[in-house]
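Enquirer: Return atomic coordinates for the entry below.
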Amino acid sequence: MQMVSTWTEKGMPKNVLMRIIEENYQRSVGPHVRSLKQYEAFSSTVYGELMPSLAHEIIQITGLKEDSLFLDLGSGVGNVVVQASLQTGCTSYGIELLKAPARVASDMREHLKVRCRMWGVRIGEVELEEGDMLKSKRVDELIAKADVVLVDNKVFEESLNEALKPKFLDLKDGAIVVSLAPFVSSLNARVTERNVDDISAIFEVTERSYYSGMVSWGNNGGSYYVHRVDREGYSKIRERFENSRVGLSRSTRTRRS
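Expert: A predicted model of the protein is given here:
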């Protein structure tokens with residue numbers, strides 16, 4: 001255990017982390033592959049999951065740490081939820097609508113606790129819920145405290161993406177939403193007087209690439225999107241437009257008089 005004790009200073013080696021995650025996945029999900037179908041274990045051709053390598057990258061670039069709160073809206077079998085808490089020690093919460101994957105997620109959490117004791121490593125708190133992310137009181141309670149929110153919305157209907165947007169208004173400044181489809185209409189669109197009232201105007205968005213083998217729904221790469229809440233920048237832009245409106249109003253009144 002002397003080697004394990006040194007990990008607290010440098011972090012768990014990635015190869016060890018990935019081994020624990022894969023062993024736990026195979027133990028938890030493997031027996032249920034047939035019933036889950038779209039959750040085929042680490043398949044590269046079936047839609048459904050972020051692979052551990054992409055989850056690892058997202059966890060790193062968003063700066064998750066031990067005192068962070070991570071939310072996964074549509075968490076499936078819970079693979080990213082448990083990886084976030086194992087990789088960083090953070091508190092994680094996942095919600096999944098479908099009964100079968102939600103049940104497997106609970107098994108995954110319990111099996112990982114056992115595996116962590118075997119390896120002598122620690123995992124952060126993991127909370128799972130079976131339910132609708134749009135109706136969950138727990139989501140409404142936690143989102144205001146969240147540091148990072150993951151939404152694998154690759155095939156979400158536009159109506160669901162739009163319904164999620166109002167929840168982001170409760171995010172704190174600096175919070176991050178990571179998604180597989182952007183929550184803004186255009187990444188290069190300027191905030192104008194016409195769209196300044198759109199909820200997505202609070203986000204500063206970065207597009208990043210993922211590569212073959214990093215998702216389970218295809219062999220090709222693609223993009224994911226990192227939305228950072230920037231209320232200060234948004235407030236300045238909004239104030240500028242409001243001042244412009246006031247100036248225009250005064251100018252109009254002056255001409256009329």
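
Enquirer: Let's verify the residue most central in space within the chain: helix, strand, or coil?
Expert: Residue closest to the mean C-alpha point of the chain, counted by CA atoms, centre = their mean, is Leu150 at 1.0 Å. Reduced to three states with DSSP: H, G, I helix; E, B strand; the rest coil, the structure at Leu150 is strand.

Enquirer: what bridges to it?
Expert: Asp72, Val178 (DSSP bridges).

Enquirer: residues touching it, list them.
Expert: Listed by CB atoms under 8 Å, 6 or more residues apart in numbering, the contact set of Leu150 reads 58, 70-73, 80, 177-179. The way it works is simple: take the backbone N, C-alpha and C, and place the C-beta from them, glycine included.

Enquirer: Show me the strands in the stretch 1-150 of the chain, by range?
Expert: 69-73, 91-96, 126-130, 148-151 (DSSP state E, counting those that start in this stretch).

Enquirer: what would the ones you listed look like in JSON lines with distance to Val215 and mean pLDDT?
Expert: Listed next are the strands of the stretch 1-150 of the chain as JSON lines, based on distance: least, CB to CB, whole Å; pLDDT from 0 to 100:
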{"stretch": "strand 69-73", "distance to Val215": "15", "mean pLDDT": "98"}
{"stretch": "strand 91-96", "distance to Val215": "18", "mean pLDDT": "97"}
{"stretch": "strand 126-130", "distance to Val215": "22", "mean pLDDT": "97"}
{"stretch": "strand 148-151", "distance to Val215": "13", "mean pLDDT": "98"}
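
Enquirer: So which of the ones you listed is nearest Leu36?
Expert: Comparison of the strands of the stretch 1-150 of the chain against Leu36 by CB to CB identifies strand 91-96 as nearest, at 11.6 Å.

Enquirer: and the angle for that closest one with strand 126-130?
Expert: 20 degrees (axes from the mean of the first three to the mean of the last three CA atoms, to 10 degrees).

Enquirer: Tell me where the stretch 151-257 of the chain has helices.
Expert: Using DSSP state H, counting those that start in this stretch, the helices of the stretch 151-257 of the chain run over 158-168, 231-256.

Enquirer: Any figure for the gap between Leu142 and Thr91?
Expert: Distance of Leu142 to Thr91, given as CB to CB, to the nearest Å: 9 Å.
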